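Student: next come a sequence and a model predicted from it.
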Amino acid sequence: MADMGQPSAVKIFVSYAGPDRPWAEWAAQQLERASFKVELDAWDWSAGDNFVLRMNDALARADLVLALCSPSYFARDRFTTDEWASVLAERLDSSGRRRLVPVRVAEVTPPLILQAVVTPDVFGIPEHQARQVLLQAVTRPVRPVAEVPFPGRPAEPTDGIRVPGSRPPIWNVRRRNPAFTGRERQLAHLREQLCSGDRALVQVLHGIGGVGKTELAVEYAHLFGNEYDLIWWIPAERPELIGDHLAALAVKAGLIAADSATPAAMEAIHQHLRGRSRWLLIFDNAKRRDDLRPWLPDGPGHLIITSRNTLWTGVAQPVDLDVFTRAESTALLQTHLPDLDDQNANRLAQALGDLPLAIGQAADMLAETHVHVDTYLAELRTHAADLLSDGQPPSGYPAPLAAAVTVAAQKLAADDPVAGQLLTLCAHLGPEPIPTDLFTDWPNVLPASLAAVACRPIALARTVGQFGRYGLARLTETGPLLHRLTQAVLRDVDPDPASARLVVDRLLIAASPRDGTSPEWWPRWTQLLPHILAASPATSDNASLRYTADSAIWHLFARGDTRTALPLAEQLHAEWTDRHGPDDASSLMAASTLAFGYRQVGRYQQARDLDVDTLSRRQRLNGDDHPNTLASANNLAVYLHQLGEIERARELNEDTLARQRRLKGDDHLATLASANNLANDLRRLGEPERARELDEDTLARQRRILGDDHPDTLTSANNLANDLRQLGKPERARELDEDTLARRRRILGDDHPDTLTSANNLANDLHRLGQHERARQLAQDALDRRLRVQGVNHPDALKSAVQLATYLQALGDHEGARKLELDAQARRRQARGGDQPPRTD
């Protein structure tokens, strides 16, 4: 440790939590003025640095670690815990001192392990005393050389820097919100932006209503109040009153008499601010930039504007304020509701969309009424507008959420009726970005006045822009994004929800791709899926919408997202069967989709039962040659194959293929699917040459019709490679499997089940060619991915484990192979239940 008697040789690292940054900067400045060498992340580290490495290096370099103790500092989820704990664990130096120097910057009880360590306070005392406490903490105690001041005589600060938490002499900001939580990144960003230049930098905090713009500005003023000599809050919602608020500032600053005219007051305050720094003006809830532009002073101070409006080009730099993070939401809820457990806090935060105003309202209501979380959430689902209109708004908000949304929507509709129409439609879509081409591409579905605007993309963009100006939506590159609670309130107050719902259904049906399996359409399905689900297809009487929803679920299965798709498939099947009966076309469609989902997760017996029932109903309702009947026969044959009933599967596939060829021709995709299935049966029945001939013909047709990269084409290529391997041609199989694996990785991704199947097949080829180590590496990677994506008991994962054990045996790792086989057998017995996993080829 450096000599504590020579400050210039002592290196001090300042350890602090994000909310205590003003204290950190103040302490660092005092230490540097006392000739200590100080490292502070906010001053010395650059954006993009590896935070963990920089922190470790700083701790290693430092002679002392100054720990600024506060409630935030001791939060367990912060890096500060690692910082102080690691330094505290060190041995004392030769003089009996520790490197850790804790000081309190707020009222807090340190952890038990620190309570025996002297922790002086630098808060709640005059600035000059705080400086003295700080310097004494990092040096050995010494007797004073200068005269000790008489305690009854007030002391003057030695410079213009005030202790954090103090207020400037000219100040009118309201009381700090004691429940304010989180927003550390936004506060730090705002501070950095305001301090990044030498002229009056204007920052506008904008976002949807209820996101906490005003609260953030209030917190900033209190947090950094010591850095300013003047902070003045100006309500800007009514532009005609801004002059009066600035005149009051001029009077408070002693620039004019109380009875001076507004023009004289403006001239005085603008001239005063032009030649000074260390001032902050906050214009709260401004509506338009042109209303505010004449009132903004020039000079080296700081300006903050809060506004719902996003259009501030040429006036201010935007700071987009979004909803809380989930951790911030749950922290605020549990601050107000100490008995609320993590699970229910998360449920509430999710249902409220992490919107700060809604989180605050919910916390207040639950604290007052003590109703159960389930009761609150049920009411939120059915009567959002009523629930979010009750009671007083939380501190800092002018009105409850429902009232604020309703008033803003009414003003929008009055100023721009077409924008009001569009907003109502958007309220019936999902809480995700709404693609604007949903309206531009199908204007014939829209009301006449809105259709006239939608035909002109720029006109529609201007209309959508109105949502942002009224704080009713965030604007994204895709389209407007409405918060789920904004939508819920707007739906509740919609006088004719059925008409809006009908228009939205028609738009979604028209916009949805017909093919859910082709990767080229997956981005479009991703855009539309949340809006299709928001249309409540489970309870819809629109058969076309139900078909669209089923296609959307097929898209999820096709891209390998079974975890999302299967619960949706189960829900729709149950709802449609209950509402429309098991013979309804939608119910049978849902049954086929659900059966496919069961097959994907290895629940083969359930899949078989569903498809047996579906085929029987379709044969009775539609006849043996109907396309839907043949599709069910094709599906059932797949599941019979998976359950080991290969001969029955072959018979069914031969009959289905003959019917498909007669009715649809050799090149129809349904015909090719049946041909694929039949070839699989032939291979399993020991007829690989017949399988090869059928697979080669199918692959050639699919390449010509669908292209080389279509998933169905790649399935045929995979099947043909299996034929070649069984025919004793592993080199040809390897070439085809390598090409198929490369294409599947590029198109489907590394973790898609089909990609992993190709990886296992290529490993099999390599093993047969004597490349056991390459085979092991590929099989191990495939198994690891299957365990993570599909689960430890999935039949495909068990098959991969057995395959890997074979390669370990070939490499001489007999013990590893035995353990893997025994584990796979145990998991197969555990997972079997009523279903039989597929036999390994």
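Tutor: Yep, it's here.

Student: and stretch 451-458, what's buried?
Tutor: V453, A454 (16 or more other Cβ atoms under 10 Å). Placement of C-beta: from N, CA and C, glycine included.

Student: roughly how far is that stretch from the heart of the chain?
Tutor: Taking Cα atoms, centre = their mean, to the nearest Å, one finds the center of stretch 451-458 at 32 Å from the center of the full chain.

Student: same check on stretch 20-27?
Tutor: 31 Å.

Student: and what of stretch 319-331?
Tutor: Using Cα atoms, centre = their mean, the offset of stretch 319-331 from its chain centre is 11 Å.

Student: and for stretch 685-698?
Tutor: That offset, for stretch 685-698, works out to 47 Å (Cα atoms, centre = their mean).

Student: can I get that stretch in CSV, CA atoms only?
Tutor: The C-alpha trace of stretch 685-698 is given here as CSV (Å, rounded to 0.1, in the frame of the first residue of the first chain):
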residue,chain,number,x,y,z
LEU,A,685,-39.4,-53.0,-44.3
GLY,A,686,-36.0,-53.8,-45.9
GLU,A,687,-36.7,-52.6,-49.4
PRO,A,688,-34.1,-49.8,-49.7
GLU,A,689,-33.9,-50.0,-53.5
ARG,A,690,-37.6,-49.3,-53.9
ALA,A,691,-37.3,-46.6,-51.4
ARG,A,692,-34.3,-45.0,-53.2
GLU,A,693,-36.2,-45.0,-56.6
LEU,A,694,-39.2,-43.3,-55.0
ASP,A,695,-37.1,-40.8,-53.1
GLU,A,696,-35.0,-39.9,-56.1
ASP,A,697,-38.2,-39.2,-58.1
THR,A,698,-39.7,-37.2,-55.3
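
Student: what's in contact with that stretch?
Tutor: Applying Cβ atoms under 8 Å, 6 or more residues apart in numbering, the external contacts of stretch 685-698 come out as 646-647, 650, 672, 675-676, 678-680, 682-683, 716, 719-720, 723-724, 726-727.

Student: so which of those sit within helices?
Tutor: If you go by DSSP state H, those have 646-647, 650, 672, 675-676, 678-680, 682-683, 716, 719-720, 723-724, 726 in helices.

Student: the spatially most central residue of the chain: what's it in contact with?
Tutor: For the chain, T325 is the residue whose C-alpha lies nearest the centre (Cα atoms, centre = their mean; 8.7 Å). T325 makes contacts with G182, D354, as judged by Cβ under 8 Å, 6+ apart.

Student: of the contacts of stretch 685-698, select the buried ones using a PyMOL command.
Tutor: Only the buried entries of the contacts of stretch 685-698 go into this PyMOL selection, using 16+ other Cβ under 10 Å:
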select buried, resi 646+650+672+675+676+678+679+680+682+683+716+719+720+723+724+726
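
Student: neighbours of H372, how many?
Tutor: Using other Cβ atoms under 10 Å, H372 has 11 neighbouring residues.

Student: how much space separates it from L340?
Tutor: For H372, the distance to L340 equals 11 Å [Cβ to Cβ, to the nearest Å].

Student: shared neighbours of the two, anything?
Tutor: Joint contacts of H372 and L340 (Cβ under 8 Å, 6+ apart) do not exist.

Student: for the nearest residue to D666 once chain neighbours are set aside, give its distance to V371.
Tutor: Closest residue in space to D666, ignoring its immediate chain neighbours: R701 at 7.0 Å, by Cβ to Cβ, 6 or more residues apart in numbering. Remark: distance between R701 and V371 (Cβ to Cβ) = 63 Å.

Student: neighbour count: these two, which is higher?
Tutor: R701 (19 against 11).

Student: for this protein, what spans make up the strands?
Tutor: Applying DSSP state E to the chain gives strands spanning 11-15, 37-39, 64-69, 100-104, 170-171, 201-206, 230-235, 279-284, 302-307, 317-320, 474-475, 480-481.

Student: just send the ones you listed back as CSV, with mean neighbour count, distance to A511 and mean pLDDT too.
Tutor: Output for the strands of the chain, formatted as CSV (neighbours: other Cβ atoms under 10 Å; distance: least, Cβ to Cβ, whole Å; pLDDT from 0 to 100):
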stretch, mean neighbour count, distance to A511, mean pLDDT
strand 11-15, 24, 54, 90
strand 37-39, 19, 56, 90
strand 64-69, 26, 55, 89
strand 100-104, 21, 60, 88
strand 170-171, 16, 54, 92
strand 201-206, 22, 30, 86
strand 230-235, 21, 44, 93
strand 279-284, 23, 41, 93
strand 302-307, 26, 33, 92
strand 317-320, 16, 28, 85
strand 474-475, 19, 20, 90
strand 480-481, 21, 16, 94
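
Student: so what's the spatially closest residue to L808 that is not a sequence neighbour up against?
Tutor: Nearest non-adjacent residue to L808, counting by Cβ to Cβ, 6+ apart: A817, 3.9 Å away. Each residue near A817 by Cβ under 8 Å, 6+ apart is listed here: A805, T806, L808, Q809.

Student: among the residues you listed, which one sits closest to F36?
Tutor: For those, the minimum distance to F36 (Cβ to Cβ) is 60.6 Å, reached by L808.

Student: count of neighbours near that closest one?
Tutor: 21.

Student: touching, it and L820? I think so.
Tutor: Yes - counting by Cβ atoms under 8 Å, L820 is a contact partner of L808 at 6.8 Å.

Student: coming back round to it: to G602, which of the strands of the chain lies closest?
Tutor: Using Cβ to Cβ, the nearest of the strands of the chain to G602 is strand 480-481, at 37.9 Å.

Student: how far away is W521 from A402?
Tutor: In this view, W521 and A402 are 38 Å apart by Cβ to Cβ.

Student: who's more crowded, the two?
Tutor: A402 (24 against 18).

Student: list the contacts of the more buried one.
Tutor: Counting by Cβ under 8 Å, 6+ apart, A402 makes contact with A384, A385, D386, L387, L388, S389, V489, D492.

Student: for C69, same thing?
Tutor: C69 makes contact with P102, V103, R104, V105, A106, V108, P110, L114, T119, according to Cβ under 8 Å, 6+ apart.

Student: and A427, by the same measure?
Tutor: L482, T486, Q487, L490, R491, D494, A500.

Student: number of nearby residues for P71?
Tutor: 13.

Student: distance check, it against A331.
Tutor: Here P71 is placed at a distance of 12 Å from A331 (Cβ to Cβ).
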